[in-house]
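Novice: what's the 3D shape of this:
(one chain, ligands or ions: 1)
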Amino acid sequence: MFITRFAPSPTGHLHLGHAFSALYGFQLSQKHHGQLLLRIEDIDKGRCRPEFETAIYDDLTWLGLDWPKPVRRQSEHMDDYAGALKRLTEMGLLYPCFCTRKQILQQAAESSRAPHGPDGLLYPGSCRDLSDSERQNRMDHCDPYALRLDMARACSRVGALTWHDRQRGEQQARPEMFGDVVLARKDTPTSYHLAVTLDDHLQGVTCVVRGVDLFQASHVHRLLQALLGLDVPEYDHHRLLTDEQGKRFAKRDRSVTLREMRGRGVNPEEVLRLIGVKS
Ligand code: GLU
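Specialist: Alright, predicted model coming up:
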């Protein structure tokens with residue numbers, strides 16, 4: 001069965017761009033006689049708020065969407081992410097990184113080359129080469145650390161990979177452009193890349209629908225699938241909706257949130273018209 005998902009983070013109110021993404025996934029699932037799942041991506045404890053989660057359910061229902069219950073909330077599945085991290089650790093592919101953001105910027109400033117990837121500055125790898133005793137020493141001192149993937153080692157373990165995007169065709173996976181990505185953050189023992197990849201597998205998602213701003217992330221997700229033996233879905237990265245000035249919608253811009261529009265008396269049909277989706 002065709003299964004896709006809409007996976008918002010409850011860090012603000014949904015806006016027109018979210019409505020487009022949810023309806024795009026919903027219509028695709030209908031076309032394939034499948035299902036659209038809703039997933040709440042709430043690993044960021046500092047930014048997620050329960051009232052935004054409630055608003056997500058309200059706003060999507062107002063738009064006319066429905067989804068299988070219960071929804072998966074990432075914060076309730078930390079054991080799944082811990083299990084995956086354990087496996088990657090046993091494969092020798094993770095290392096603790098004690099660097100602060102400031103130190104990483106400083107290391108880049110001092111280096112003659114500071115390559116960038118899709119998420120910004122690439123990690124220069126300073127903690128990759130720490131000795132076991134130094135690592136242990138810093139852990140014994142309770143220095144906070146993230147877990148990073150040793151990208152070169154991970155890539156050489158799985159060899160060449162491909163993935164398929166419904167709009168752009170076959171892709172050669174190029175996860176190395178991200179460098180040693182963080183798979184468990186200092187403040188929460190998982191990361192976007194790890195949680196989303198594992199969840200899509202565990203929820204039986206056959207087609208990942210999301211905005212083209214996350215296109216590059218799929219290279220990393222394909223690598224994680226290969227390392228962890230997960231199913232490989234296909235992908236459909238849709239265009240991003242923009243305002244009249246060509247600017248992407250943002251949660252902080254209240255005028256385009258569904259909540260604000262509802263308050264102004266806009267009806268759901270009007271929202272569908274605005275985002276160019278036929279009901
Ligand atoms: N939670 C992400 C967001 O709100 C979407 C992640 C995904 O679709 O893979 O932007």
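Novice: from here on, just use CA atoms for contacts and neighbour counts.
Specialist: Noted.
Novice: show me what residue of the stretch 1-150 of the chain gets nearest to the ligand.
Specialist: Pro8 (3.8 Å; Cα to the nearest ligand atom).
Novice: run through the residues that contact that residue.
Specialist: Shown in contact with Pro8 (Cα atoms under 8 Å, 6 or more residues apart in numbering): 18, 39-41.
Novice: what's the distance between it and Ile56?
Specialist: Applying Cα to Cα, to the nearest Å, the value for Pro8 to Ile56 is 8 Å.
Novice: any idea how far Pro68 is from the residue of the stretch 1-150 of the chain closest to the ligand?
Specialist: 16 Å.
Novice: Thr257 too?
Specialist: Taking Cα to Cα, one finds Thr257 at 24 Å from Pro68.
Novice: do the same with Ser111
Specialist: 51 Å.
Novice: try Met1
Specialist: Separation of Met1 from Pro68 (Cα to Cα): 14 Å.
Novice: model confidence score at the residue nearest the centre of the chain, please.
Specialist: By Cα atoms, centre = their mean, the chain has its centre lying nearest to Tyr192, at 4.3 Å. Here, the pLDDT recorded for Tyr192 equals 98.
Novice: which residues touch it?
Specialist: Per Cα under 8 Å, 6+ apart, neighbours of Tyr192: Leu183.
Novice: would stretch 22-30 count as contacting the ligand?
Specialist: No: on the criterion Cα under 6 Å from any ligand atom, stretch 22-30 is out of touch with the ligand, staying 10.1 Å away.
Novice: tell me where the stretch 51-200 of the chain has helices.
Specialist: Taking DSSP state H, counting those that start in this stretch as the test, the helices found in the stretch 51-200 of the chain are 78-90, 101-110, 132-140, 151-158, 192-202.
Novice: centre of the chain to the first one, how far?
Specialist: Spelled out, that is helix 78-90. Taking the mean of its C-alpha atoms, helix 78-90 sits 17 Å from the chain's own mean (Cα atoms, centre = their mean, to the nearest Å).
Novice: list the buried residues in that helix.
Specialist: Along helix 78-90, these residues count as buried under the neighbour rule (16 or more other Cα atoms under 10 Å): 80-81, 84-85, 88.
Novice: now for it, which elements pack on it?
Specialist: helix 192-202, helix 217-228 (3 or more Cα pairs under 8 Å, 6 or more residues apart in numbering; DSSP states H and E).
Novice: what packs against the longest helix along the chain?
Specialist: Using DSSP state H to define each element, the chain has its longest helix at helix 16-31. Other elements packing on helix 16-31 under the criterion 3+ Cα pairs under 8 Å, 6+ apart are strand 3-6, strand 35-40, strand 207-211.
Novice: show residues contacting that helix.
Specialist: 2-6, 8, 35-36, 60, 63, 65, 209-211, 238, 240-242, 248-249, 256-258, 271, 275, 277.
Novice: I only care about these that end up buried; give me the ChimeraX line for that.
Specialist: To isolate the buried members of the contacts of helix 16-31 in ChimeraX, using 16+ other Cα under 10 Å:
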select :2,3,4,5,6,8,35,36,60,63,209,210,211,238,240,241,249,256,257,258,271,275
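Novice: ok, Leu147 touching Leu183?
Specialist: Yes: applying Cα atoms under 8 Å as the test, Leu147 and Leu183 come out as touching, 5.7 Å apart.
Novice: just the pLDDT at the residue nearest to Ala108 when sequence neighbours are not counted, thanks.
Specialist: Leaving out its chain neighbours, the residue that sits closest to Ala108 by Cα to Cα, 6 or more residues apart in numbering is Ala114, at 5.2 Å. pLDDT, Ala114: 86.
Novice: all good on my end, thank you.
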